[in-house]
Each structure stands twice: as C-alpha cells, then as structure tokens.
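Enquirer: sequence? don't have it. structure:
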C-alpha cells in the first residue's frame, strides 16, 4: 500500500482550520483562517474548499489522498451533514454541509460532529492511547458544553448523529435557568464559559471580572464569591456525570475545553459530590484519581489531553479511515460512511 | 449443525425461573419456584442448578446444549458475575455467582444483568424486531428502576458490567428524597413501584390505596391527588429521558415493568415535559407517537412488548450464543464471554 495522507477540517464559529495529516499527533501542514460567517455560508464553504484543494495539491512526496473529513458544530443530521439550528453558526439551519462541499470538490467527504471527532482523537492519540482504553466519553466545556462518545474504538453518533448534547442533561429544577436549547436547568447553564461569565455578573454585579481567567485568579486568592462559582460548576458536573456513570459505566470520562483550565478549582467539589451521589462511582472509585496507569474496573475522570487540536486531529483520523467515492448528488451514500 | 437448545435463568428476589429454549418467543419448558433467600445463597444456587440439570437431561429429541446464561439483579461485576451490594438479594454482596454455579455444573456459564438480558430480548424478539431497530434502551420500572442498553445489536454492559443504573440518574435536587443507593433525588424515588406507594402514603395518609392498581383506578376516576402522583412520575421520567436522548440519540426507548400498566396516566405528562425540555427530542419528535412502523431519524418512546418474560428470554438468547468451556476455577475466561 502506497503511503497515504488525509485532510481534516475543524469548522468553528470563530476559526476555520484545515490540516493535512499522515500519523501521530502532528499535522503535515495546517491552515487557519477566520470563519467568515458574515459573508454567508457559501463563502465559508468556498474558503474551506480552497484550503482543502491547496493542501491536496501539495502531494507530500507522492502520498495518496485517503479522504477528507469535516468536524462541524452540532446539532447535525448524519450521515448527510445537515445542520439543525446550530447555535454557533447562525443562518446555517437546514444547510447540507456535505453536499455543499462535495459539489465543489467533486468527491464525497465525511462529516462528523466536532465533539465526536475530538473524542476519537483523545481515544486514539490522547488519554485513551496513554491508558489503553477502548471506550470513553469526552465532555467539552467551552462556549457551550458538548460530548463525544467512543464505544469499543468506534464513534457513537446516535441514530442520526444528533447525540452529543450532554450539555443539555438537566441538572437543576430552576425554571429561571433558561437555556439556549429552549429548555432550562441544563448543565450548559452551569458549566460552560458563558455560564461562568453569567454567574460572575450575577455575583459581582458591575465589578465582575472580565474573563474566566481573572475569576480564577480571584478564586485562587480566596475570594468566596469566585470560589462559589467554581464550586457550583463542580456540583453541576457531578450531577450530569452521575447519570452518565450510573447508566454507561465507562472506564474514562475526559473533561476538555477552556473551562478545564480551572480544574483545580472545580474538581474537588465535583469528586466530593460524585462520591455522595453516584452509586456506581462509589463502587468503582479508583484509589489514586490521577495515576500513571488505569486500574481495571474503575471509573476515572481526568482532564483531556489534546487541547484545542482534538477536533482537527479527529477529523484527520476520520479522513484516513474514510474511503471516498466520486460524488453523485442524490444517490444513497449511507454505506460509504464510517459509522 | 445439529439442532441446539439453551438454558436461561432469571434470578429474581422473589422468583427463580429456569427455562429451556430453542427459538422464537416461547420456551421449550420452564420451571418457576420461589427464590429461597432465607435458606441462604448456596441453597438458591443449588435449587437453580437442579432445575438447570433437569432441563438439560430432557434433551429435546437429540438437541445439543449450546450454553447456559443467568440474568441476575445488579449491580454485578462482569464477566465474573460478582454481586455488589444488590438491594434485592440481601447477604449476597461479594458473592461470585458464576463460580458458584459453574462449580456445581462443571462447565462455564454466562452471567448478564437482568436489565440487559431484557433489553436484548426486546431488541431481538420484541419491539426491536417489530420495528427493525438495532439499538435501543429499555427502562424497567419495577420495584426499582434499571436500564438495559443495546448498541448495534450488542449489549452494552459497561466497562465491568456496572452500567444499567439509570434508576439513579438525578432528577431532583430534593435532599429529602433519599435513595437506597445512598444518593438522593434519583429517578427511582419517583418512578418505581415503591416510589408510587411512598407518594400515595404521603398524599393520602392512612387512607392511601394499597396498590398501584387501586391508585390508578382512583386516578382514572379523576382523583386529583392520584392523578398528581402519576404526573410526577411522568415529569421524573421526562427529566431522565432528556439526558439519555440528548446524549445518546437512540431511535427507541422502551418502558417496561409493572409501573407501565399506568402508561395512559403518566405518558401524557412525560411527552409534554420532554418536548419542553429535550432539545434533541424536539428536533426528532415523530409525527405519530405510536406508529405501525418507525420513521427514520426520529426518537420513539414506547411501552416494552415482552412483559415479565423479557429477562428470561434474554438469558435464553445469551445461552444460545454463548459457547461454554469446561469449567476450571481460576483460569482467565474473559475471552469466552459474549461482550
């Protein structure tokens, strides 16, 4: 088999990243540009395809292109890659991302949710590789909260790709905690970067720190209001994790996203509440929470390892595994997709 | 291949059922007896093994025994079948059910949780077969609440069999709602038969109806206290299902167990709250909630179909698939087990 490479794309609400990849945790090359949302979705797709094509042409010493995969914010219907009211891509509701890209490239591509792509990368190349774990859940605590699930080395994206919304597990009966999803009391209202800003405004009023980082500095200095916000975050995470752990009994739950920089501020309360609330966690609690290797039959909750590259790396991995066909609009392509 | 049969066992806290099985939804023969918990666990295992051996000897016209599988209440560590504080089998904590049975039978057997066995039967022979669904979740609302999960035709029993405790998803922040699991606010405190009795005593005091059936008669007659209890049950189920649906995006969730006889009393509130609270449910809600066939890419919540035989049927199915080996205590048998 001749040497191969793949192209991965991480479509974010702020940045669009495209990379070529062969193996490991490094890219062959990567291109980053702003996601020009104001220019319209067709322009964003055009930017993306130009970057893809420029990397495809690079050829990398005669390597053969295996495939192209795009990690997209959700919710999105898979395998067709149709966006469904994506909060971070306003105006993209109902847009068929796969069709739009494939029509320009003239070959088929794979779409996966950014959260599942990140979970795949963590399992194959990050904490899952380090600890030799075949199944895991990644909770990404960023602007919003999402999840990716890997069961037995395979992404679980649900019956039509609409899973991954663990940010909307209900953790409170407070009807005032209205969520962007239309519900209330969702994890995302307590454990996202936006939630931290909101809680800071509620607690500090006009003197609220401007960023989560500043809030963390206050908390480290002992400010009780700041510490209380991170403790609420820990409790909300424990309630959501209790449901996941009791139902799924996975060996490893990883927490990723910018909010996890404050791991030392929220995790003590999270572990305290988990022990109090989760039956299965109590029965499977490891002796050492942050070990060099994972004891069998235990439940670990650890920070994710791959940082902000996880989604892009996952897309690259999917591109390598994916066997594209010539694109023909309208034909059933379900069977060509990794699921 | 010569014709085969299997033996399935459903070990309940009240009844012990053993059946021989070849195909379909009927047993070749079945034996039911009380579970003699007061005589001790060794006696219960002896009763079980005698029943198994009597059915094995029947031979059924030269059929070959494929294997024996036992559905047990949880939590239990798999594949070794070690019970971990099972609330319905007092005194069995730490008991290695597989070893105890295999030592008597002299061949290896398979242990699975009763909830997962029931889910497998529902997928292969019940609603999953009727609707051609490869993945589903069964929530069993009985004395307690448990769950079974099937992903792509396979049981998901977690990293060491300790999943299936969806009854302990947190649905309320009420610290007074103390649960047998040691936590509080668990689904089981609102959606089990025991919870219904407790809520009835709280609402009606000394004049509380004696059974869930009598409570249902009152509710059908318009009694607002009785109706309120079933509505609370619907809300609690909706909160737990919101987490499962948003995270897993399965095509089908089945509700089984005796509590589901009151489906018409709790399901309207359940569906109302689901639509209000679950993002993914709103996006995947079927036009017809109870159809002749399932539309693709929708989320269905339906009553389970196989009733109280589901666990026993599931054990029989697992027995057919399982290839036992001669039992040798202490050897690693992980690779011989269906997982």
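Expert: Great, that's in hand. In this text the structure is predicted, and so the values were computed from the model without any measurement.
Enquirer: Close to chain B: what parts of the stretch 51-200 of chain A are there?
Expert: Neighbours of chain B within the stretch 51-200 of chain A, by C-beta under 8 Å from any C-beta of the partner chain: A:75, A:77, A:84-85, A:135, A:147, A:149, A:151, A:156-173, A:181-184. All C-beta spots, glycine's among them, are computed from the backbone N, C-alpha and C.
Enquirer: Which residues belonging to the host helix or strand of residue A:47 are considered buried?
Expert: Per DSSP states H and E: residue A:47 is located in helix A:41-58. Residues of helix A:41-58 classed as buried under the neighbour-count rule (16 or more other C-beta atoms under 10 Å in any protein chain shown) are A:41, A:44, A:45, A:46, A:47, A:48, A:49, A:51, A:52, A:55.
Enquirer: that older thread, just the residues of the stretch 51-200 of chain A next to chain B: which are in strands?
Expert: Among these, DSSP state E puts A:77, A:147, A:149, A:151 in strands.
Enquirer: So what's the predicted local confidence for the first one?
Expert: The one in question is residue A:77. pLDDT recorded at residue A:77 is 92.
Enquirer: swap in residue A:334?
Expert: On pLDDT, residue A:334 comes in at 39.
Enquirer: try the one 5 residues further on
Expert: In the prediction, the pLDDT value recorded for residue A:339 is 32.
Enquirer: and the residue of the stretch 51-200 of chain A nearest chain B?
Expert: Proximity of the stretch 51-200 of chain A to chain B (C-beta to the nearest C-beta) peaks at residue A:158, 2.5 Å away.
Enquirer: Residue A:295: neighbour count?
Expert: Residue A:295 has 12 neighbours, counted by other C-beta atoms under 10 Å in any protein chain shown.
Enquirer: For it, which non-adjacent residue is closest in space?
Expert: Among residues not flanking residue A:295 along the chain, residue A:286 sits closest, at 5.7 Å (C-beta to C-beta, 6 or more residues apart in numbering or on different chains).
Enquirer: That neighbour touches residue A:299, doesn't it?
Expert: Yes: applying C-beta atoms under 8 Å, one finds residue A:286 in contact with residue A:299, separated by 7.2 Å.
Enquirer: Neighbour count: those two, which is higher?
Expert: residue A:299 (27 against 15).
Enquirer: Can you tell me how far that one is from chain B?
Expert: Distance, residue A:299 to chain B, using C-beta to the nearest C-beta, to the nearest Å: 8 Å.
Enquirer: partner strands of the lowest-mean-pLDDT helix or strand in chain A, parallel or antiparallel?
Expert: None of the helices or strands of chain A scores lower by mean pLDDT, DSSP states H and E than strand A:76-77, at a mean of 91. Using DSSP bridges, strand A:76-77 pairs in its sheet with strand A:82-83 (antiparallel).
Enquirer: How far away from the center of its chain is the strand it pairs with?
Expert: Centre-to-centre, strand A:82-83 and its host chain are 17 Å apart (C-alpha atoms, centre = their mean, to the nearest Å).
Enquirer: Helices of chain A, residue ranges please.
Expert: A:41-58, A:97-105, A:114-125, A:127-131, A:188-191, A:193-204, A:212-220, A:224-248, A:263-277, A:279-284, A:310-321 (DSSP state H).
Enquirer: returning to that earlier point: can I get the buried part of the residues of the stretch 51-200 of chain A next to chain B as one ChimeraX selection?
Expert: In ChimeraX syntax, the buried subset of those is picked out as below (16+ other C-beta under 10 Å):
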select /A:75,77,84,85,135,147,149,151,156,157,158,159,160,161,162,163,164,165,166,167,168,169,170,171,172,181,183,184
